[in-house]
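Undergrad: I would like the atomic coordinates for the input below:
(3 chains)
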Amino acid sequence: MSLAGFEVEVEQVGQSGLETEEMTLNMGPQHPSTHGVLRFVVKADGEVMRQAIPDVGYLHRSIEKISEKVGYHGFMPYTDRVDYVAAMFCNQGWGMVSEKLGGIAVPKRGEYCRVIAAELNRIASHLLSVGTMVLDIGAITPFFHAFREREKINDLLEELCGARLTYNYMRIGGVAWDLPPGYAEKVTAFLDRFEPMLEEYDDLISANALYVGRCAGVAVVSAEEAVNYNLVGPNLRASGVRYDVRRDEPYSVYPELEFDVPVGPGAHGVLGDSYARYAVRIREMTESIKILRQCFRQMPDGPVIAKVPRKFKPPAGDAYIRVESARGDMGWYAVSDGTEYPYRCKVRTGSFAAMAIIDKLSQGLMLADLVTVIASLDIVAPEVDR
Amino acid sequence: MQDFLDGLIEQGTFGHAPAQVVYAIGIVAVAAIVIFGFVLNVAGVTTFIERRVWARIQSRIGPNRVGPQGILQWLADGIKLLMKEEVIPAQADPRLFKLAPYVVTMGFVAAFVAIPFSSALVAADLNVGILYITAVTSLVVVGILMAGWASNNKWSLIGGIRAAAQIVSYEIPAALSIFPIVLITGTLSTQGIIRAQGWAPWSWFLFYNPFTFVAFWILFTALLAEGNRTPFDLPEAESELVAGFVTEYSGARYLFFFLVEWGNLYVISAVLVTLFLGGWQVPFALSDHPVVRNLLQFLTFFAKAYFGVILMMWIRATLPRIRVDQLMSTCWKYLVPIAFANFVGTAVWVAIWPNGNRPVWYLMTAGGFALLGYFFYRVGFHLRRSGAQLLLSPFS
Amino acid sequence: MTASEIYERLKAHFGERVISLAQDAKDPWILVDPAAIAEIGRFLHDDPELRCDALSNQSGVDYKAQGWIEVVYHLYSYAHRHYVILKVRTPRDAAELPTVEGVWKAANWLEREIYDLLGVNFVGHSDLRRLLLPEDWIGYPLRKDFVEPEQYHGISTRRESLLR
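TA: Presented below is the predicted three-dimensional model:
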């Protein structure tokens, strides 16, 4: 595919008599750094970028159109692929919007199972995000530590639902299976071992002068900008807006759980910079651990799924719900026409807006900072393209 | 060997060439074979050891399949690279593209001429030894720029330019940190510098005076930057530039760059050991027999140098990468002024105490060991606090 | 503020251009005149009682049977924690809407996506070009009458059925 849409201009930028040219570089779809298949057309003057124009669509799989073909129940596995790093939230989102359309109430135990699965997935997703951010900046060791912990979570989730990445654990009306016997002990043992690791992580990299020098003050996003561009999740909270869908528009059993909402700035740097986004994610993992412990203490017994007909035909109408995914609030909008196939399904993901803001943030940054910005905004390509 | 060559001359193998020329070529050939044999093996084994050291730091095992404990891994990688298809981009400048790896290797291997292995083993005891090493390792810049330009790839070009800027800038603090040692010994010859030191830590130039102590760390940092090692590995920053200036290289040409990068670790360490850590000095009483003594000296030098190499691998596994503008400001705003201060300080010191100030020397040594002790204390503290499981065996 | 209060306030300001309120829907929504959407958006953003500072979602839905494309705006206010849901309808064969990019920057990419997949032209958009599909793609896939092209740049899109 050519650079159709961007004219490859060679601009003569003359300053004080020196004739220089602006380079147009292509940080192409295959790249060891970008998080998924993303492409940037970078106009750079030496090391300083004038603009980094994102070019997305390499991972567009027309998932929204597929929903119109496979029906409500059949769409659940497809939702995993919308954001495969934090797939439980996508499952939960589709489940919730279908339940809102159909007026179905999920039993209490089912909600708790959902929250447990979702929070475990949140920790795994944040570990991946933080690990790859540090790797992109050059430190190779914390990446391995993060992934070692993530492997343990993958094992736990595999025990729960049989899959390590695309879980398809939740169903419309609840979850597919109850927790396996002994699960609470295994997860609690893991949490006990994992919690001190976060401190170790902090010791290893968070205060490292080189790391702070690369992240602090880079790509500062003010609160107004963040809200205007519809940045969500840790990106928004790092800019100072204390908002979390679980706390402020609560769904599921979150009203019964106590947890904190970490807001930037981090221990170093300013409000809204890359370091703050990193620090918020690290602190969110601690909050997820708290939530998980409470869930296991408070879980009631009972069924885990409501009775939903095989041919699920919600009444005609539309509904919009938001789930606090690892990457921010994921908005699910579904339109039903009374048949068993959704008329329209739309996912608005956290990474979508984050990609949109990179064009503006990149002006004046150095090439090395572009990688930091992409990593700190926690962008995964499947979410952007669906 | 002289008789052997005389025999060949009489047989007329070399036509009418004068005997001196034949001897000279013979010496150079032997030296080249010995050095290449040493260098290629050291560079290769270093790649293997680096992977095992990193693996241990990252709580995993590392290559352990090819040969016992994976010790033949580097051979396997080398053979694999040699057998790969050599791809040259269509728009690349073919002559420069093919020449670049050789220029880089030349610059790197030529440094070994003046690096001593023991008191009798040195390819050429140049009386401008250390200056020669500094000069010849700069040839690597030319090679890297050629590679970056000839690849016809904007990212390689950026990598090459970054490398050139980095290496050239860091030559200054490096040279400035070598000057104090030259002032103390009055000679540029590497063997001379080592002979001016002793075998014991309290006769190493590292502890000679506070200025040389600081100069050691500045030289260490500057040489890290010259060798393109983390935290200064921008030219090959994997996450940004794919592989920087070596992106378009494959097969044997890539092997050359690869070898130079890892072999350079040994050169850096050897320079540091020569200048600051007493070189190959062993206690004279250990042996009279020249062969045994030379062997011990070689082993001492090699052990000290390799310790430095492992230290650099440790640093690479721990630290992130520094950005280009931060790199430049570190060099010009911090390292150069401090290096100048060291230089002037040592000059004044040598003027006041031409034969060295023994009490300060001993004091500095004691201080150095105290620092080392404190370091181990802190390591123990962290180990106890985290309750980590220690697996001390290097074998998996 | 509840949906009916918001509706009353909008009606007071814009009169005829705010058409109706669907109070009984799961998420009550307000139907507005397409030509006025930019002004209404600006009012909703700036008015201190409403302060809809975030465009949470903007989706296009193709109602082929009714002959219009509906664009749904889910606006959220961080200050007051309420939603305002606006819907506009534009005819399928000449789908055109004013852009709200001037009010919420988030609309930049959201509108590009609607243009890309449904073919709605947003008047005044700074950079209206395809987002997810290649620049030279023909057709608007999310439309109900979209027929997949036979081939793209010489690559056939026909697949053998796996069901025999």
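Undergrad: and residue B:313, what helix or strand is that in?
TA: Using DSSP states H and E, residue B:313 sits in helix B:290-318.
Undergrad: can you name every helix or strand that that helix contacts?
TA: helix B:19-57, helix B:251-276 (3 or more Cβ pairs under 8 Å, 6 or more residues apart in numbering or on different chains; DSSP states H and E). C-beta coordinates here come from the backbone N, C-alpha and C atoms, glycine included.
Undergrad: most packed of these?
TA: helix B:251-276 (a mean of 23; mean count of other Cβ atoms under 10 Å in any protein chain shown).
Undergrad: so who does the closest residue to chain A within chain C touch?
TA: Residue nearest to chain A within chain C (Cβ to the nearest Cβ): residue C:106, separated by 3.5 Å. Going by Cβ atoms under 8 Å, 6 or more residues apart in numbering or on different chains, residue C:106 touches A:228-230, A:353, A:356, C:54-55, C:58.
Undergrad: tell me the mean pLDDT for stretch B:147-162?
TA: Stretch B:147-162 carries an average pLDDT of 83.
Undergrad: which residues does the closest residue to residue B:260 other than its chain neighbours contact?
TA: With Cβ to Cβ, 6 or more residues apart in numbering or on different chains as the measure, residue B:108 is the residue that lies nearest to residue B:260, at 4.5 Å, once sequence neighbours are left out. Residues in contact with residue B:108 (Cβ under 8 Å, 6+ apart) are B:39, B:137, B:140, B:260, B:263-264, B:267.
Undergrad: can you add distance to residue A:52 and give these back as a markdown table?
TA: Converted to a markdown table, these look like this (distance: Cβ to Cβ, whole Å):
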| residue | distance to residue A:52 |
| --- | --- |
| B:39 | 42 |
| B:137 | 36 |
| B:140 | 32 |
| B:260 | 33 |
| B:263 | 37 |
| B:264 | 34 |
| B:267 | 38 |
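Undergrad: what about stretch B:116-125, distance to the chain center?
TA: 16 Å (Cα atoms, centre = their mean, to the nearest Å).
Undergrad: strands along the chain, start to end?
TA: You didn't say which chain, so I picked chain A. Along chain A, counting by DSSP state E, strands occupy A:12-15, A:18-21, A:23-27, A:39-45, A:48-55, A:170-171, A:174-175, A:317-325, A:328-336, A:344-348.
Undergrad: try again with chain C
TA: Using DSSP E, strands in chain C cover C:18-22, C:29-32, C:54-63, C:68-77, C:82-91, C:96-98, C:121-123, C:151-152, C:155-156.
Undergrad: would you list those in CSV and tack on mean neighbour count?
TA: As requested, these are exported to CSV (neighbours: other Cβ atoms under 10 Å in any protein chain shown):
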stretch, mean neighbour count
strand C:18-22, 17
strand C:29-32, 21
strand C:54-63, 23
strand C:68-77, 23
strand C:82-91, 20
strand C:96-98, 18
strand C:121-123, 16
strand C:151-152, 12
strand C:155-156, 8
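Undergrad: need the ones you listed in CSV with mean pLDDT and distance to chain A, can you?
TA: As requested, the strands of chain C are exported to CSV (pLDDT from 0 to 100; distance: least, Cβ to the nearest Cβ, whole Å):
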stretch, mean pLDDT, distance to chain A
strand C:18-22, 84, 9
strand C:29-32, 90, 8
strand C:54-63, 91, 4
strand C:68-77, 92, 5
strand C:82-91, 90, 7
strand C:96-98, 91, 17
strand C:121-123, 91, 15
strand C:151-152, 84, 11
strand C:155-156, 82, 12
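Undergrad: can you tell which of the ones you listed is closest to chain B?
TA: Closest approach to chain B among the strands of chain C (Cβ to the nearest Cβ): strand C:155-156, 24.7 Å.
Undergrad: partner strands of the closest one, with direction?
TA: Strand C:155-156 pairs in its sheet with strand C:151-152 (antiparallel), by DSSP bridges.
Undergrad: for the contacts of residue B:108, which one is nearest chain A?
TA: residue B:264 (18.6 Å).
Undergrad: read off the pLDDT value for the closest one.
TA: Residue-level confidence at residue B:264 comes out at 86, pLDDT.
Undergrad: what about residue B:83, how many neighbours?
TA: Applying other Cβ atoms under 10 Å in any protein chain shown, we find 9 residues neighbouring residue B:83.
Undergrad: list the contacts for it?
TA: Listed by Cβ under 8 Å, 6+ apart, the contact set of residue B:83 reads residue B:251.
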